[in-house]
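Peer 1: Pasted the sequence and its predicted model underneath.
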Amino acid sequence: MVMNQDDLQYILKRGILAPSGDNMQPWRFKVTESHEVELHVMASLAHPFFEAGKRTLYFSAGCVIENIRLSAAQKGYRLNPIYFPEASNPSWAALLCFEKDRSLKGDDSVIRRRRTNRKFYHWNHKVHPLILSQLSKAASEQEGFKLHWMAEGKSSYSRVCQIVGEADQIRFENKAVFEELPPAFRFNHKGAEETKDGLDIRTMETGPAGPFLFKLISSWKRLKLLNHFGMSLQFNLYARLQMMSSQACGLLVGPNYESLNFLKGGELMERIWHEITRLGLSLQPMESLPVFSLNLHLNGGKDFNETQRKKVTKLKEELFSIYGINQERCPIFLFRMGYADSPSARSLRRPLESFLIAEPVKPDIKISEIALSGTD
């Protein structure tokens, strides 16, 4: 169908408010004459370690699709996505088709309110168990997926916090992982405004010392030296404290590591994130262990040393055991949740025009050295 041009622009602008690793926004749109939209992912905005078969890219593309579904409903259109329409081109994630449906009603204001919150949460403001149950029920509506919770106060919660901290520590002890993080940082507001991507240092919520700290460790040689004095352990403890200030740790799992599950997992997680936002709760992805597990499964963990491979395997197995999850299942998304003050800043987005392309993304595009190590 031919869609009103203003409506299409509105819908796509809401689509790009989705989260992506390091806020690198790795999506491109090709609009057809009939106003169908080809959604492509850009492997050039992912490092091989985190790209891992494009799964992290598909996850973020799924988040885009969910935003588009909600904003399309706001404008009276039903979204009918066709996933991976061209098998020979894995960069083409979906063909987005629309049909007019005046019966649809939607409120997409939540899309603008959704954001990552890395602050310490309100320690004593508990989340009602009914909320966790309702969110889990919503997740189970997608066949093959399940959202598991570990609430603060449970006997195993402290160990979950430790597991998350130990996984984060590996991020700062592995050169291949760490060196992809500094290029994503925007150390001042001017830098963030110029690129409108990457991570505004204010979103890290590390206070006035944040820019100095991350500039200090931006060199792997310096960080490696500082690790001898316990620097990586400090990141472990910081992540653990973040977790301890939260009221729950959620883990979304899918049936296996197939590409489609990451695309649909992204849709599902963005839907859950929207609901969490509507409830006045905050969320921060704690994705080190799921991404490490993905790399281990798809790439054999070739960028880890033997000690780190064993560590990642052990942490994933223990986490799944605590949650009571079959070890064959796939960790899609791990996050902490709770009540918190508003974030100090939000990540920006590039102009819509920068996402529009005349020709589809080629499947053999070369991978660059920019990382997708966090989600924002």
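Peer 2: Alright, I've got the coordinates. Numbering: from 1, shown residues only.
Peer 1: Give me the local confidence score for residue 51.
Peer 2: The score at residue 51 is 66. That number is its pLDDT.
Peer 1: Then residue 285?
Peer 2: 98.
Peer 1: With residue 33 instead?
Peer 2: 88.
Peer 1: quick one, phi/psi of it?
Peer 2: The phi/psi pair for residue 33 (degrees, to the nearest 10) reads phi -60, psi -30.
Peer 1: Just give me the neighbour total for it.
Peer 2: 6 (other CB atoms under 10 Å). Backbone N, C-alpha and C define where each C-beta goes, glycine included.
Peer 1: again, but for the one 3 residues further on
Peer 2: Using other CB under 10 Å, residue 36 has 16 neighbouring residues.
Peer 1: same check, this time on the one 3 residues further on
Peer 2: Counted by other CB under 10 Å, the residues lying close to residue 39 total 27.
Peer 1: do the one 5 residues further on as well
Peer 2: A count of nearby residues for residue 44, using other CB under 10 Å, gives 15.
Peer 1: measure it to residue 361 for me?
Peer 2: Separation of residue 44 from residue 361 (CB to CB, to the nearest Å): 9 Å.
Peer 1: Helices of this protein, start to end?
Peer 2: For the chain, the helices defined by DSSP state H occupy 5-15, 48-51, 55-74, 109-113, 129-140, 157-171, 175-178, 189-195, 210-216, 220-227, 231-244, 259-278, 288-299, 306-323.
Peer 1: Deepest-packed of these, please.
Peer 2: helix 55-74 (a mean of 26; mean count of other CB atoms under 10 Å).
Peer 1: Residue 145 is in contact with residue 136, correct?
Peer 2: No: Residue 136 lies out of contact with residue 145 (CB atoms under 8 Å); the separation is 10.4 Å.
Peer 1: Which of the helices of the chain sits closest to residue 36?
Peer 2: helix 5-15 (10.2 Å; CB to CB).
Peer 1: quick one: average pLDDT of the closest one?
Peer 2: 96.
Peer 1: repeat for stretch 333-353
Peer 2: 97.
Peer 1: Can you give me the buried ones in it?
Peer 2: For stretch 333-353, a neighbour-count test (16 or more other CB atoms under 10 Å) marks 333-340, 343-349 as buried.
Peer 1: Of these, which is the nearest to residue 280?
Peer 2: Of those, the one sitting nearest to residue 280 (CB to CB) turns out to be residue 339, at 7.1 Å.
Peer 1: thought the closest one was touching residue 279?
Peer 2: No: contact criterion CB under 8 Å: residue 339 and residue 279 do not qualify, at 9.6 Å.
Peer 1: for this structure, which spans come out with low pLDDT?
Peer 2: Applying pLDDT under 70 to the chain picks out residues 1, 45-52, 362-375.
Peer 1: Quick check: closest non-adjacent residue to residue 158.
Peer 2: residue 244 (7.5 Å; CB to CB, 6 or more residues apart in numbering).
Peer 1: what does residue 172 give?
Peer 2: In space, residue 172 is closest to residue 232, 4.1 Å off (CB to CB, 6+ apart).
Peer 1: Any figure for the gap between the one you found and residue 6?
Peer 2: 50 Å.
Peer 1: try residue 295
Peer 2: 42 Å.
Peer 1: how many neighbours does residue 77 have?
Peer 2: Neighbours of residue 77 using other CB under 10 Å come to 26.
Peer 1: Now for it: which residues touch it?
Peer 2: 3, 7, 11, 98, 99, 100, 101, 104 (CB atoms under 8 Å, 6 or more residues apart in numbering).
Peer 1: Whichever of those end up buried, select them in ChimeraX.
Peer 2: Selection of buried members from the contacts of residue 77 for ChimeraX, criterion 16+ other CB under 10 Å:
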select :3,7,11,98
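Peer 1: from the contacts of residue 77, which single one is nearest residue 191?
Peer 2: residue 11 (29.7 Å).
Peer 1: can you dump the C-alpha coordinates of stretch 351-360 into PDB?
Peer 2: The C-alpha trace of stretch 351-360 is given here as PDB (Å, rounded to 0.1, in the frame of the first residue of the first chain):
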ATOM      1  CA  PRO A 351      19.000  12.300  11.700                       C
ATOM      2  CA  LEU A 352      16.600   9.900   9.900                       C
ATOM      3  CA  GLU A 353      18.200  10.800   6.600                       C
ATOM      4  CA  SER A 354      21.400   9.100   7.600                       C
ATOM      5  CA  PHE A 355      19.500   5.800   7.900                       C
ATOM      6  CA  LEU A 356      18.000   5.900   4.400                       C
ATOM      7  CA  ILE A 357      19.700   4.100   1.500                       C
ATOM      8  CA  ALA A 358      19.100   3.800  -2.200                       C
ATOM      9  CA  GLU A 359      20.500   0.300  -2.500                       C
ATOM     10  CA  PRO A 360      20.300  -2.700  -0.100                       C
END
